[in-house]
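**Q** One predicted model, sequence on top.
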Amino acid sequence: MLTDPELYSKTVNYLYDLQKHGIKLGLSNIERLTGMLGKPQNSFRSIHIAGTNGKGSTTTMIASILRTSGWKVGMFTSPHLKSFTERIRVNGIPISESDVVSLTHQIRESFAGTGLNPTFFEVVTALAFYYFALNKVDWAVIETGMGGRFDATNIIRPELSIITNIDIDHAEYLGDSIAAISHEKAGIIKQGVPVITAARQPEAIKNLSETSEMNNSVIHIYGKDFTSSPVSTGLNRQLFDYKGYRILENISLNLAGSYQTVNASLVLRAMELLNESGENIDDISIRNSLSKIDLEGRLEVVSEAPFIILDSAHNPEASKRLSSSLKELFPDKKITIIIGIMKDKDISGILKPILEISDSIILTRPEGERAASPEEINKQATRLIMNNIKKRHISVTLTDTVGEALETAKKMRLDDSIICVTGSFYTTGKVKELLGNKGILSGLRE
């Protein structure tokens with residue numbers, strides 16, 4: 001059913017206007033809201049995924065394998081690149097605009113006059129759970145929005161909990177130390193539910209292990225209980241071996257970046273645990289799914305002439321991974337970086353690894369009030385460059401818009417160079433639009 005674009009626009013703008021209620025710590029709102037909808041989260045089995053980076057990749061891989069294995073699968077992720085509908089999918093297909101309109105209206109009516117003032121993420125989470133229930137999904141793979149303990153998604157009781165990794169991000173809400181942040185992420189661990197993690201810092205592993213023990217949950221730690229090793233790397237495909245309860249060799253992964261093999265290993269451990277609990281997920285389904293996985297905005301090649309890669313790295317750890325991957329994949333290429341960052345992010349922490357591998361950098365301002373100005377970013381970049389004698393020759397250009405930045409990069413480009421766009425989903429999403437992808441309500445991406 002087709003929806004009036006204006007009505008859809010009004011609906012999504014209504015949802016984003018709920019941001020005026022801020023971010024609320026606690027689960028009472030979402031519990032009341034889903035209670036009014038008949039507790040839809042109880043109608044399907046689920047897997048819950050938290051972590052600083054890698055949540056989207058891990059969620060997408062698991063959903064793909066479960067779908068290939070014959071189940072009807074819901075997937076809830078955030079943020080999005082082009083359209084709000086990307087966040088809520090059933091069997092890989094985004095929710096329709098007409099369903100966003102009708103279900104948002106139903107949810108809005110359900111709490112009208114009750115005094116409940118839910119936040120944007122609480123309503124969107126309720127919308128996802130309600131949509132999955134109406135579509136009678138067998139499984140839902142649910143990514144937390146932020147943190148874990150007080151995240152609106154944390155009202156589910158999953159079959160498995162996965163914590164990809166832990167680093168500093170959203171410090172104003174989660175704390176400014178690994179110990180504090182791991183405490184929040186550990187909040188998704190449920191009584192008797194196995195937990196899988198790729199956290200590496202001793203204080204994070206200590207927190208997760210202690211929380212697991214208190215909840216009588218078995219914890220599975222990457223590098224200790226299961227691991228992976230690279231066989232070959234490439235931009236469009238890499239091969240790796242997995243060692244867990246058994247050994248799987250030469251697994252083909254259709255994602256670039258060696259860190260993705262760690263995410264894939266979390267997925268493989270999850271499949272082992274599901275099989276151990278009585279499911280039947282065969283190796284063919286696993287291998288086929290991983291070899292065909294498609295993920296936007298993560299080392300994604302969007303143009304070959306000129307050669308342009310998008311990666312939505314928006315915190316220091318993601319920036320380190322991106323820089324390491326670019327250096328590994330393009331050791332003999334000159335690298336031009338287009339970067340636009342939100343002003344509430346760790347600008348210096350994001351810039352530092354990027355500057356280490358860049359020959360030129362173009363600073364820009366993506367759409368949205370939260371965007372840092374090119375001048376703000378340049379102050380941080382200048383300080384970092386002056387403190388690194390080896391990189392003082394780096395070219396820095398300031399532009400007012402992402403479109404101007406892209407045109408500038410094209411003009412600067414040499415035959416042996418690549419252009420990488422990063423820093424925010426707002427920045428990468430805008431470039432996708434400029435390259436011909438349809439953007440819907442582009443100012444509302446997070």
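**A** Received the coordinates, thanks. Numbers count the residues shown, from 1 in each chain.
**Q** Regarding the nearest residue to Leu322 once chain neighbours are set aside, which helix or strand does it belong to?
**A** Spatial nearest neighbour of Leu322, chain neighbours left out: Ala313 (4.4 Å); criterion: Cβ to Cβ, 6 or more residues apart in numbering. All C-beta spots, glycine's among them, are computed from the backbone N, C-alpha and C. Under DSSP states H and E, no helix or strand contains Ala313.
**Q** Check which helix or strand Gly74 maps to.
**A** Following DSSP H and E, one finds Gly74 within strand 73-76.
**Q** okay, now the residue nearest to Leu322: neighbour count?
**A** Residues lying near Ala313 (other Cβ atoms under 10 Å) number 27.
**Q** Could I get the contacting residues of it?
**A** 319, 321-322, 350, 422-423 (Cβ atoms under 8 Å, 6 or more residues apart in numbering).
**Q** cool, and Asn250?
**A** Counting by Cβ under 8 Å, 6+ apart, Asn250 has contacts 231, 239, 241.
**Q** Show the buried residues in the residues you listed.
**A** With neighbours counted by 16 or more other Cβ atoms under 10 Å, these contain buried members at 239, 241.
**Q** of all the contacts of Asn250, which comes closest to Val431?
**A** Leu239 (29.5 Å; Cβ to Cβ).
**Q** pLDDT at that closest one, what is it?
**A** We have a pLDDT of 97 for Leu239.
**Q** Tell me which other helices or strands the strand holding Gly74 touches.
**A** helix 55-68, strand 88-90, helix 120-134, strand 139-143 (3 or more Cβ pairs under 8 Å, 6 or more residues apart in numbering; DSSP states H and E).
**Q** who does Tyr75 bridge with?
**A** That one is not Tyr; residue 75 is Met. Arg89, Val141 (DSSP bridges).
**Q** likewise Pro230?
**A** Phe240.
**Q** Go through the helix or strand harbouring Asn250 and flag the buried ones.
**A** If you go by DSSP H and E, Asn250 is part of strand 247-253. Neighbour counts using 16+ other Cβ under 10 Å place 248, 251-253 of strand 247-253 among the buried residues.
**Q** ok so, going back, just the contacts of Ala313 now: which is nearest Ala305?
**A** Once Cβ to Cβ is applied, the member of those that ends up nearest Ala305 is Thr422, at 20.4 Å.
**Q** Does that closest one touch Lys320 like I think?
**A** No. Applying Cβ atoms under 8 Å as the test, Thr422 and Lys320 come out as separate, 12.0 Å apart.
**Q** can you confirm Tyr242 is in a strand?
**A** Yes. Under DSSP: H, G, I helix; E, B strand; the rest coil, Tyr242 sits within a strand.
**Q** thinking again about what came up before, mind checking which of Thr422 and Lys320 has more residues around it?
**A** When Thr422 and Lys320 are compared for neighbours, Thr422 comes out ahead with 27 against 20, by other Cβ under 10 Å.
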